Each structure stands twice: as structure tokens, then as C-alpha cells.
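Trainee: quick one, what's the 3D model for this:
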Amino acid sequence: MRTIVAFLLLLSFSFAACGDEVNMSLPAISGGEGLLVGITMKGIPGEGMEYVGAEPTVGTGTQESLSIAVDVARELSLRGYDCDVLVKVDDSDSPGGVEGPSAGAAFVVMSYSLFTGEEPRHDATITGAISEGGQVLPVGGLYEKAMGAKASGFDYFITPLQSVEEKLMLRGMGGIEIREVEDADEAVEFFFEGKIPEERPLELTVEPIENLTRYEGERVPGMGGIVRALIENERDAIAGIEDDAVREYFEARAGQHGELYGLGYDYAAANGAFLTGISASAIGEVESPDMEAKKGEVQACLDSLDKPEVTAGNYEWLMGGEAREMRARRNYQKYSVLEPETKDEEYLLVYQMGYSKAWCEAAKAMYVAGNNSGPLLDGNVLKDAAGELLNYTDDYGEWQEYADTGGELYAQGMYAGAIYELTFAKSMYDGEKAMEEGATQADYESLMQNGSTSIWGKAFRAHASYLYQTDSPQDAYRMIVFARNMDAAAERINVVNATTIVIGGEEEACCPCEEEGSLCMPAFILLFAAFAAVGEKRG
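Mentor: Numbers count the residues shown, from 1 in each chain. As a prediction, this is how the structure comes out:
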């Protein structure tokens with residue numbers, strides 16, 4: 001599997017104009033650890049095109065970010081329109097390739113320097129994606145990036161406009177000045193004119209939910225228990241925040257998750273509670289992080305997991321539960337062995353342990369939902385279904401981690417979870433490709449027609465509707481692709497399993513016949529229905 005490197009911060013430059021080159025180093029993340037990636041941007045007379053080296057692989061997100069950034073720099077500098085831009089990544093730094101849009105703001109500064117010959121300041125670094133209109137857009141991992149900038153000796157770390165959670169986590173970090181910029185103009189003014197961005201105040205305001213219609217599709221029985229469990233965990237985390245104003249802000253957020261649940265958007269409510277609970281827990285520990293205590297909480301949760309045996313009636317719940325259990329265990333194994341040397345490092349590890357605990361609690365809730373009686377499911381049915389999803393592609397891009405988790409689940413015999421993670425990675429990958437090839441609103445609406453038949457199909461169909469109404473059409477398209485693929489996976493499992501049910505740990509005919517050698521009519525009916533369904537689908 002490829003190691004995907006996400007661009008983070010701009011570190012150092014050498015300067016020239018079109019016809020020469022600009023060199024810079026970017027700190028990046030690979031496998032959860034920081035490293036520096038060398039970048040060379042060269043300008044040559046041409047037609048205003050951008051090119052990237054073939055090796056190592058540069059993902060589409062980074063390529064698009066580069067193209068947009070160079071155009072923004074041209075508009076700001078009024079130069080470089082007849083300059084082709086060539087970018088080369090040092091393959092010794094990132095042999096697995098690079099991916100992600102978070103170098104966009106840095107590319108603007110770099111291109112501006114290339115076109116004008118002006119030298120930016122050296123005591124600052126910047127992260128952020130860039131829009132075609134020059135807006136500096138949010139990216140993830142600001143705390144980790146700030147730590148990297150601080151460790152590298154920078155005086156300033158420039159970010160996109162921060163969320164409340166990011167601002168609360170970053171305000172306790174000393175030793176570096178952290179400022180926000182809204183657009184490329186502000187970034188250029190800072191790097192080339194020395195104008196320091198103004199400090200933006202903390203706005204503890206929760207915008208009301210507006211223009212969101214009630215979901216009229218079929219909901220999942222049992223999902224309510226999971227949503228309520230996650231909201232309860234969220235409120236427990238919020239209770240640990242000492243600042244009254246901050247605590248009230250998070251309480252308002254929790255109230256919105258209850259509102260989403262009331263409107264029928266179960267997954268949106270659960271996911272919101274999941275993420276807000278992690279943030280609230282981390283913010284409550286900013287001043288005095290305790291890694292050992294948090295590790296103990298996670299281990300206690302993992303030890304308490306009680307997964308039921310897989311049956312024909314609960315395997316879909318186990319899909320989600322096993323996937324989240326594996327995410328929790330992988331994350332715990334990665335970060336629990338690290339020894340923090342500073343308070344900032346310990347806080348970051350506590351924050352990561354928060355994800356492990358939240359995933360564990362979600363797995364526990366799904367195992368409870370799946371704790372129902374019924375005939376055992378033949379494990380080979382799930383194994384075969386998961387096996388067909390392995391090695392769909394050797395590079396899922398930004399979704400590679402889910403494919404890796406799916407592969408580990410398969411290797412450990414947790415086939416239900418493997419189906420979930422591998423189907424998710426495949427769906428995100430296919431959805432991205434379809435949009436690159438011109439998928440339209442009509443394609444989304446076509447996929448949304450008719451209802452879903454599986455637990456996760458129903459849940460993510462509703463979530464796609466939520467995302468579409470909240471101005472996230474690309475995410476909505478990927479989610480409805482996932483919903484449809486989960487419907488197809490469940491249909492396949494149900495059809496194959498219709499011929500064999502496991503009773504008492506041994507495979508038997510789907511219904512035992514009273515007389516040996518006689519034809520069991522219920523079994524015949526099930527077989528006939530299964531083959532008819534297959535024939536209808538192929539036709």
C-alpha cells in the first residue's frame with residue numbers, strides 16, 4: 001500500500017522569476033509522523049500551464065490545488081500568464097507519493113514569489129487549501145501542524161479561519177504566534193509586506209439549523225439507541241469543561257444533534273455527537289493532559305467490548321461495530337506506545353486517545369444493537385463477500401486508511417467489518433472518479449430514487465440527503481454511492497445465505513426435513529426465490 005503524504009506547512013524558499021526556480025520544504029505527515037518534503041517549482045516560458053513530475057505520484061487533490069493556486073498568484077501579481085510552472089517532489093522525502101489540498105496557500109505564496117521575484121519572510125509558515133476566488137479554506141490537523149512549526153523554530157504559524165474547537169485547542173500553545181487569514185490577499189500582505197493579520201476573537205455562537213427539511217425516507221430501527229448513546233457520551237464530555245461560556249456553546253451543539261435526530265438524520269446526529277464529544281473532551285484537558293489516565297480509559301472500554309455471534313439478523317450491525325472496533329484498536333496501538341516529551345505532545349496524544357475511546361464506545365453501541373437472537377450466519381458467506389473487495393485498487397488516495405483497516409479486519413477474520421471498510425474505501429474512490437468524469441446532479445438524483453434495503457444503505461441515504469441540503473454536494477454523491485453499495489453487499493449476502501443457515505455451529509439445510517431423502521418444501525421455496533432474485537438482477 002502506498003504511504004500517502006499530506007502537505008502541511010511552507011518552510012523555506014529560494015527565489016527567482018519565470019525562467020528560474022523556487023525551492024521549498026514542506027513538513028508533511030506520513031503514517032502519523034512528521035517529515036520534510038522538498039519541492040521545486042520552476043518557471044519556463046510557455047502558455048500558462050502547470051505540470052508535475054511523474055514520480056513520486058502527486059494525487060489529484062494536490063494537482064488541483066496547485067493549478068488553482070498558480071492562477072490566484074497570477075491574478076494577484078498580474079504576471080506569469082505566459083509562464084509554465086513545473087513542480088517536482090523530492091522522491092527521497094516521499095517515495096509513496098503526495099496527496100491533499102492543504103499546500104494551496106503555500107503554493108500561492110511560492111508562485112507569487114516566482115512571478116515577481118520578491119522574497120517572502122522566512123520566520124513564518126502557512127497551511128490551508130485555496131479556492132478559485134482566493135479564499136484560504138480549512139484543512140485538518142492544525143494542532144499537529146502548529147507543533148511542527150514550533151519545533152522547526154518559526155515565529156508565526158498562519159492558518160485558515162479556525163473553528164471554535166481549533167481556536168480553543170490552539171490558544172494554550174505557547175512559543176509561537178498563531179494567526180488566521182481569510183484569503184490569499186492577506187497571506188501575500190503578510191509574507192511580502194510584513195502586515196500582521198489581526199487577531200480574530202473567539203465567537204461562541206451556534207448558528208441555528210435552517211432550510212433543512214424533515215427526512216421522509218425509511219429510518220433504521222435500532223439506530224436511535226446508538227444516537228442516544230453517543231449524545232450521552234457527548235454530554236458527559238461537555239460536563240468536564242470548566243469555562244461556563246465554552247460549556248454553554250458545546251451544550252448548544254449537543255442540542256442541535258438532538259434536533260437532527262428529530263428531523264430523521266440519524267447518522268448526521270450520531271456523527272456530530274461523536275466529533276463534538278472528542279473535541280469537548282480534549283478541550284477539557286488542555287491545561288492538564290493525562291496520557292496514562294486516558295490510555296486506561298481506552299483500554300477499559302476495549303476490554304469491555306462484548307461482540308455477539310454473527311447471525312443472519314445482526315451481521316449488518318457487526319459490520320459497523322467491527323469497523324469501529326478496529327479503528328479504535330489501530331489508533332490505540334499507534335499512539336499508546338509513544339512517550340511525550342512536552343505538554344503539547346502529551347495533549348496531542350490525549351486528543352488521539354479521545355478518538356480511540358469514541359470509536360470504542362460507538363462499537364459497543366452497535367454490538368448492543370446487534371445483540372438479537374436468530375440463526376447463526378455461515379462465516380464463509382461473509383469471508384467470500386469481503387474477499388471479493390480486496391485489492392480493488394492499489395491506491396485509494398485519501399481513502400487508503402479505510403482500505404488498510406479493511407485488510408487488517410479480513411486478516412483477523414472479522415469479515416463483517418472488512419466488508420464495511422472496504423466498501424467505504426471503494427465507494428469513496430469510485431465516487432471521486434465519477435465526479436472527475438462529469439457526474440451531475442441528475443446522477444445524484446438517480447441514485448437517490450427508490451428506497452434502500454439495508455441498515456447502512458438507509459442510514460447513509462439519509463446522510464446523503466443531509467449533506468446535499470447543507471451545501472456539500474460532492475460528499476452527498478459519495479455517500480449515496482456508499483449507500484447503494486452497502487445495499488448491494490447485503491443483498492448478495494442474503495441471497496447466498498438463503499441456501500444455508502448455520503445452526504448450533506454446524507452447516508445444515510435451511511430447514512431440516514422430517515424424513516431423510518424427502519424434499520423440504522420451505523427450503524425449495526427459499527432456493528427458488530434466491531435464484532429468481534439473482535436472475536432478475538442480472539436481467
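Trainee: spell out the residue ranges of the helices in the stretch 201-350 of the chain.
Mentor: Counting by DSSP state H, counting those that start in this stretch, the segments of the stretch 201-350 of the chain that form helices are 223-238, 244-262, 266-283, 291-304, 315-335, 343-369.
Trainee: what's the angle from the one helix or strand residue 150 maps to to helix 266-283?
Mentor: Per DSSP states H and E: residue 150 is located in helix 142-151. For helix 142-151 against helix 266-283, the angle by axes from the mean of the first three to the mean of the last three Cα atoms, to 10 degrees is 30 degrees.
Trainee: returning to that earlier point: which of the helices of the stretch 201-350 of the chain sits closest to residue 376?
Mentor: Across those, residue 376 has its closest neighbour in helix 315-335 (10.1 Å, Cβ to Cβ). From N, CA and C alone the C-beta is placed, and that goes for glycine too.
Trainee: and the angle for the closest one with helix 223-238?
Mentor: In terms of direction (the same axes, to 10 degrees), helix 315-335 departs from helix 223-238 by 30 degrees.
Trainee: thinking again about what came up before, what's the closest of the helices of the stretch 201-350 of the chain to residue 138?
Mentor: Residue 138 lies closest, by Cβ to Cβ, to one member of these: helix 266-283, at 13.9 Å.
Trainee: what's that closest one packed up against?
Mentor: helix 164-170, helix 223-238, helix 244-262, helix 343-369, helix 455-469 (3 or more Cβ pairs under 8 Å, 6 or more residues apart in numbering; DSSP states H and E).
Trainee: do that again at 6 Å, thanks
Mentor: Applying 3 or more Cβ pairs under 6 Å, 6 or more residues apart in numbering; DSSP states H and E, one finds that helix 266-283 contacts helix 223-238, helix 244-262, helix 343-369, helix 455-469.
Trainee: what angle do it and helix 244-262 make?
Mentor: 160 degrees.
Trainee: contacting residues around helix 266-283?
Mentor: With contact meaning Cβ atoms under 6 Å, 6 or more residues apart in numbering, helix 266-283 is reached by 165, 168, 223, 226-227, 230-231, 233-234, 237-238, 250, 253, 257, 260-261, 351, 354-355, 358, 459, 463, 466.
Trainee: rewinding a little: how about the helices and strands packed on helix 266-283 in TSV, adding mean pLDDT, distance to residue 491 and mean neighbour count?
Mentor: Shown next, in TSV, are the helices and strands packed on helix 266-283 (pLDDT from 0 to 100; distance: least, Cβ to Cβ, whole Å; neighbours: other Cβ atoms under 10 Å):
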stretch	mean pLDDT	distance to residue 491	mean neighbour count
helix 223-238	95	20	20
helix 244-262	96	28	17
helix 343-369	93	21	23
helix 455-469	97	9	24
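Trainee: how about these, which one is nearest residue 21?
Mentor: Judged by Cβ to Cβ, the one of the helices and strands packed on helix 266-283 that comes nearest to residue 21 is helix 343-369, at 35.2 Å.
Trainee: which is the succeeding secondary structure element to that closest one?
Mentor: helix 379-387.
Trainee: residue 49: how many residues sit nearby?
Mentor: Neighbour count of residue 49, defined by other Cβ atoms under 10 Å: 12.
Trainee: is it true that it touches residue 84?
Mentor: Yes - using Cβ atoms under 6 Å, residue 49 is in contact with residue 84, at 4.8 Å.
Trainee: ok so, going back, and the helix holding residue 150, what does it pack onto?
Mentor: If you count contacts as 3+ Cβ pairs under 6 Å, 6+ apart, helix 142-151 packs onto strand 156-159, helix 164-170.
Trainee: now with 8 Å?
Mentor: Contacts defined by 3+ Cβ pairs under 8 Å, 6+ apart place helix 142-151 against strand 21-30, strand 156-159, helix 164-170, helix 343-369.
Trainee: the shortest one: how far from the chain's middle?
Mentor: Here strand 156-159 is found 24 Å from its chain centre; the criterion is Cα atoms, centre = their mean, to the nearest Å.
Trainee: can you list contacts of that strand?
Mentor: Applying Cβ atoms under 8 Å, 6 or more residues apart in numbering, the contact partners of strand 156-159 are 9, 105, 123-128, 142, 145-146, 149-150, 166, 176-181, 187, 190, 197.
Trainee: in it, what's buried?
Mentor: Within strand 156-159, the residues scored as buried using 16 or more other Cβ atoms under 10 Å are 156, 157, 158, 159.
Trainee: bridged to the third one, which residues?
Mentor: I take that to be residue 158. In this structure, residue 158 bridges to residue 126, residue 179 when assessed by DSSP bridges.
Trainee: do you know the pLDDT at it?
Mentor: With respect to pLDDT, residue 158 scores 93.
Trainee: quick check: it vs residue 122, distance?
Mentor: Distance, residue 158 to residue 122, by Cβ to Cβ, to the nearest Å: 13 Å.
Trainee: quick check: neighbours shared by these two?
Mentor: With Cβ under 8 Å, 6+ apart, residue 158 and residue 122 have no common neighbours.
Trainee: over to the nearest residue to residue 64 once chain neighbours are set aside: give its phi and psi.
Mentor: Using Cβ to Cβ, 6 or more residues apart in numbering and skipping the chain neighbours, the partner closest in space to residue 64 is residue 101 (6.9 Å). With angles defined as degrees, to the nearest 10, residue 101 sits at phi -90, psi 0.
Trainee: so residue 101 touches residue 136, yeah?
Mentor: No - with contact defined as Cβ atoms under 8 Å, residue 101 does not reach residue 136; the gap is 11.1 Å.
Trainee: name the residues contacting each of those two.
Mentor: Common contacts of residue 101 and residue 136, defined by Cβ under 8 Å, 6+ apart, comprise 129, 130.
Trainee: any chance of CSV for the helices and strands packed on helix 142-151, columns distance to residue 447?
Mentor: Output for these, formatted as CSV (distance: least, Cβ to Cβ, whole Å):
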stretch, distance to residue 447
strand 21-30, 33
strand 156-159, 36
helix 164-170, 32
helix 343-369, 25
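Trainee: and those: which comes nearest residue 207?
Mentor: That would be helix 164-170 among the helices and strands packed on helix 142-151, by Cβ to Cβ, at 11.4 Å.
Trainee: quick one: distance of that closest one to the chain centre.
Mentor: Relative to its chain's centre, helix 164-170 lies at 19 Å (Cα atoms, centre = their mean).
Trainee: check contacts around the residue lying closest to residue 190 once chain neighbours are set aside.
Mentor: Once flanking residues are discounted, residue 190 sits nearest to residue 197: 6.0 Å by Cβ to Cβ, 6+ apart. Residues near residue 197 by Cβ under 8 Å, 6+ apart: 158, 179, 180, 181, 186, 190.
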